[in-house]
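Chemist: prediction below, plus the sequence it came from.
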Amino acid sequence: MKHINKCTQCLTYTLKDICQKCGAKTIQPKPPKYSPEDKYGQYRREEKKQEFKDKGLI
Ligand SMILES: [Zn+2]
């Protein structure tokens, strides 16, 4: 599987481990699949729902 790397110095995208433009090391950028805020928001909502259930409100 092909993966694209990103230069840590000039931020050029390349398939190589070393940037061909400036010779710096490249890394694989990892785009977040979900927002941590959303995850915690979901957790908070679930917790709240459980709280209502415990009190017999729903
Ligand atoms: Zn570079």
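Modeler: All right, it came through fine.
Chemist: can you name the residues of the protein that neighbour the ion?
Modeler: C7, Q9, C10, T12, C19, K21, C22, A24 (Cβ under 5 Å from the ion). Every C-beta, even on glycine, is put in place using the N, C-alpha and C of the backbone.
Chemist: buried subset of the residues you listed, written for PyMOL?
Modeler: Filtering the residues of the chain next to the ion down to the buried ones (16 or more other Cβ atoms under 10 Å) takes a single PyMOL command:
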select buried, resi 7+19
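Chemist: closest to F52 out of the residues of the chain next to the ion?
Modeler: Nearest to F52 out of the residues of the chain next to the ion is C7 (Cβ to Cβ; 50.6 Å).
Chemist: what about the strands in the chain?
Modeler: Ranges of strands in the chain, per DSSP state E, are 5-7, 13-14, 26-27.
Chemist: could you pull out the helices in the chain for me?
Modeler: Secondary structure of the chain by DSSP state H: the helices cover 36-55.
Chemist: pLDDT weak spots in it?
Modeler: 1, 31-41 (pLDDT under 70).
Chemist: give the contact list for the nearest residue to K2 once chain neighbours are set aside.
Modeler: Excluding its sequence neighbours, the residue lying closest to K2 (Cβ to Cβ, 6 or more residues apart in numbering) is L15, at 6.8 Å. Counting by Cβ atoms under 8 Å, 6 or more residues apart in numbering, L15 touches K2, H3, I4, N5.
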